[in-house]
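> Here's a sequence, model it:
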Amino acid sequence: MSSKRVKHLSINTKLHSPLLLCSIPNNSGYLNMDAFHLSAFLLLLLSSLSSACNPNDKRALYQIKKSFNNSYHFASWTNQYDCCSGDAWYGVDCDPVTHRVNGLRIFNDPEIVGQIPSTIGDLYYLDLLLLHKLPNLTGPIPPAIGKLQNLRTLMLTDNSLSGPIPEFLGTMQNLTLIELSFNKFSGSIPAVLGNLNKITAIWLDRNQLTGSIPESFGRFQGSVPDLKLSHNMLSGEIPASLGNLDFSNIDFSRNQLEGDASMLFSAKKSTQEIDISRNLFEFDFSNVTFPTTLTNLDISHNKIQGNIPSEITELQNLQFFNVSYNRLCGEIPQGGKLQDFDSSSYFHNRCLCGAPLNVTCK
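Numbers count the residues shown, from 1 in each chain. Next comes the predicted model:
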């Protein structure tokens, strides 16, 4: 190789950087490699790659794996791969900058047996925790979950979890979604959940919850969450304060709620879905007004009286409608979407008449 090329590189060949030593040519070929410095460099490089996963996070993950008896779900959780290397560790997500574990998803594994390990609370940077379709995951939500103050999404669904919904969830101010559906939770709904200012959805359906809907659910600050409380054993009246908020979706169906629910309706709101079916509600439907955004309405199986307001024919986005098994009377308004629904949406009322019912109005 010509001396001209070496001169063009303008590099001091006396430098002892292994990277430079291995890349600098001379007239007789390449400079002799400084083996010691090269080895040190490679060790440093390998060390930095292997430590991408924070050791505290890695330790917590291994403890979670051990707590669940090394189930097959965790087969990729080994020293062969770094826990923050792409999707190497199944169900583990990491922040690309800090390399801290920020997402944990464990799902669809009947071999996972036992309770939620408290070690999950040591993954301080989690913003998503999903435990889904683990039929043998039992016991309560451990207090250690309360240490996850960065958590935004909490989804513990389709498991066999039990015990009360813990009060400490109301202190986790970064939560935007709480979904505890399809479990065996019991007791009352903690009123402190109404203190969550960033919450966009609270789904507690299909549990064994009792007591009333907290009055604090009518005082959410900031965003107004979707409320899905169906298939429980809730009782009492809906707090009147709920009428002050503009909920997008409400599902209180299949409980033992009673009294007035008319405050959920208003032409000034932007509600899309209301399901209060299979309760004990009693109010006059005649004077209810409807948001133009309404797509789904189910008030069936209650004790609601009055007639169907004609304004409902103006709802152009209505896709589902059921007022059956109530005490409604009068002629079914003609027009709009109302005749798109069959008689099963209207039957078993006191004295409704007109199409699509085969009952002539007198």
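> which sections of this protein are below the confidence cut-off?
1-51 (pLDDT under 70).
> rerun that using 90 as the cut-off
1-52, 85-87, 222-223, 362 (pLDDT under 90).
> So for it, the centremost residue is which one?
Taking CA atoms, centre = their mean as the criterion, Leu177 is the residue nearest the geometric centre of the chain, at 4.4 Å.
> In this structure that one contacts Leu151, no?
No. With contacts defined as CB atoms under 8 Å, Leu177 does not count as touching Leu151, sitting 9.8 Å away. C-beta coordinates here come from the backbone N, C-alpha and C atoms, glycine included.
> what residues are up against the residue nearest to the centre of the chain?
By CB atoms under 8 Å, 6 or more residues apart in numbering, the residues touching Leu177 are 152-155, 199-201, 203.
> same thing but at 7 Å, please
Residues near Leu177 by CB atoms under 7 Å, 6 or more residues apart in numbering: 153-155, 200-201.
> and the residue nearest to Glu215 when sequence neighbours are not counted, how many residues sit next to it?
Sequence neighbours aside, Pro239 is the residue nearest to Glu215 in space, at 4.3 Å (criterion: CB to CB, 6 or more residues apart in numbering). Residues lying near Pro239 (other CB atoms under 10 Å) number 17.
> who touches Pro239 in this structure?
With contact taken as CB under 7 Å, 6+ apart, Pro239 is in contact with 213, 215, 217-218.
> what do you get for Gln208?
Gln208 neighbours (CB under 7 Å, 6+ apart): 184-186, 232-233.
> From those, pick the one nearest Pro166.
Phe185 (9.8 Å; CB to CB).
> so which helix or strand takes in that closest one?
Using DSSP states H and E, Phe185 sits within strand 184-187.
> Only C-alpha atoms, please: export that strand in PDB.
Coordinates of each C-alpha in strand 184-187 appear next as PDB, following Å, rounded to 0.1, in the frame of the first residue of the first chain:
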ATOM      1  CA  LYS A 184     -64.400 -12.900  41.000                       C
ATOM      2  CA  PHE A 185     -63.800  -9.500  42.700                       C
ATOM      3  CA  SER A 186     -66.300  -8.800  45.500                       C
ATOM      4  CA  GLY A 187     -67.100  -5.900  47.800                       C
END
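> Just the buried positions in it, please.
Phe185 (16 or more other CB atoms under 10 Å).
> now that strand, how far from the centre of its chain.
19 Å (CA atoms, centre = their mean, to the nearest Å).
> cool, and stretch 302-310?
Centre-to-centre, stretch 302-310 and its host chain are 35 Å apart (CA atoms, centre = their mean).
> Quick one: which of the contacts of Pro239 is the most crowded by neighbours?
Ile213 (24 neighbours).
> what about the residue nearest to Glu215, distance to Ser223?
Pro239 sits 19 Å away from Ser223, going by CB to CB, to the nearest Å.
> And Leu134, by the same measure?
29 Å.
> now swap in Tyr72 and tell me
To Ser223, Tyr72 is 39 Å away according to CB to CB.
> Compare these two (neighbour count), which wins?
Ranked by neighbour count (other CB under 10 Å), Tyr72 and Ser223 place Ser223 first, with 14 against 10.
> Excluding chain neighbours, give the residue nearest to that one in space.
In space, and not counting its chain neighbours, Ser223 is closest to Thr200: 5.3 Å by CB to CB, 6+ apart.
> what sits up against the helix or strand that the strand holding Phe185 is followed by?
Following strand 184-187 in sequence order, the next helix or strand is strand 201-203 (DSSP H and E). Residues from elsewhere that reach strand 201-203, judged by CB under 7 Å, 6+ apart: 177-179, 181, 193, 225-228.
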